[in-house]
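Asker: Sequence unavailable; structure follows:
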């Protein structure tokens with residue numbers, strides 16, 4: 001239906017609906033809420049249904065993301081407990097998983113470019129000395145390091 005300025009206004013369809021099984025207590029509380037807020041029972045009910053639906057959708061999204069997260073955790077490897085360890089880009093490609101390096105005395109990452117590093121190294125944690133090929137960007141390295149004492153680019 002057009003208005004005086006030519007814009008269309010959508011008419012919201014409303015009809016009377018009977019909902020069976022609503023307890024007298026809930027009905028009374030909704031009726032009081034409508035009175036206090038100055039809204040109709042229909043407006044309060046629509047808001048309540050909308051809230052339930054959005055909560056349900058959010059729950060579905062969170063559940064889906066959780067399941068996807070557990071699937072991706074299977075694609076993760078933790079490497080730890082070495083005094084000295086040297087890893088190449090080919091080693092990481094062969095493993096085919098993201099890696100967390102932790103609790104290593106001396107870790108050397110060699111023959112690896114920035115792309116391979118970013119694709120396969122998730123975190124480097126509690127490493128005393130880290131030697132990294134200078135083909136890897138410093139910004140890529142430092143954002144993945146936590147509690148690393150020394151970093152050397154060679």
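Answerer: Yep, that arrived. Every value quoted in this text rests on a predicted model; they were computed, and no experiment measured them.

Asker: For the rest of this, base every contact and every neighbour count on C-alpha atoms.
Answerer: Will do.

Asker: any idea how this protein splits into domains?
Answerer: 24-72, 76-153 (automatic domain parsing).

Asker: Can you name the element that comes right after the helix or strand that contains residue 25?
Answerer: Element membership for residue 25, per DSSP states H and E: helix 24-37. Using DSSP H and E, the helix or strand that follows helix 24-37 in sequence is helix 41-73.

Asker: Assess the claim that residue 113 and residue 89 are in contact.
Answerer: Yes: judged on CA atoms under 8 Å, residue 113 makes contact with residue 89 at a distance of 7.3 Å.

Asker: which helices and strands does the helix or strand containing residue 91 pack with?
Answerer: For residue 91, the element it lies in under DSSP H and E is helix 89-95. Helix 89-95 is packed against helix 114-120, with contacts defined by 3 or more CA pairs under 8 Å, 6 or more residues apart in numbering; DSSP states H and E.

Asker: Now do the helix it packs on, average pLDDT.
Answerer: Model confidence over helix 114-120, given as mean pLDDT, is 95.

Asker: Pull out the buried residues from that helix.
Answerer: 114, 116, 117, 118, 120 (16 or more other CA atoms under 10 Å).
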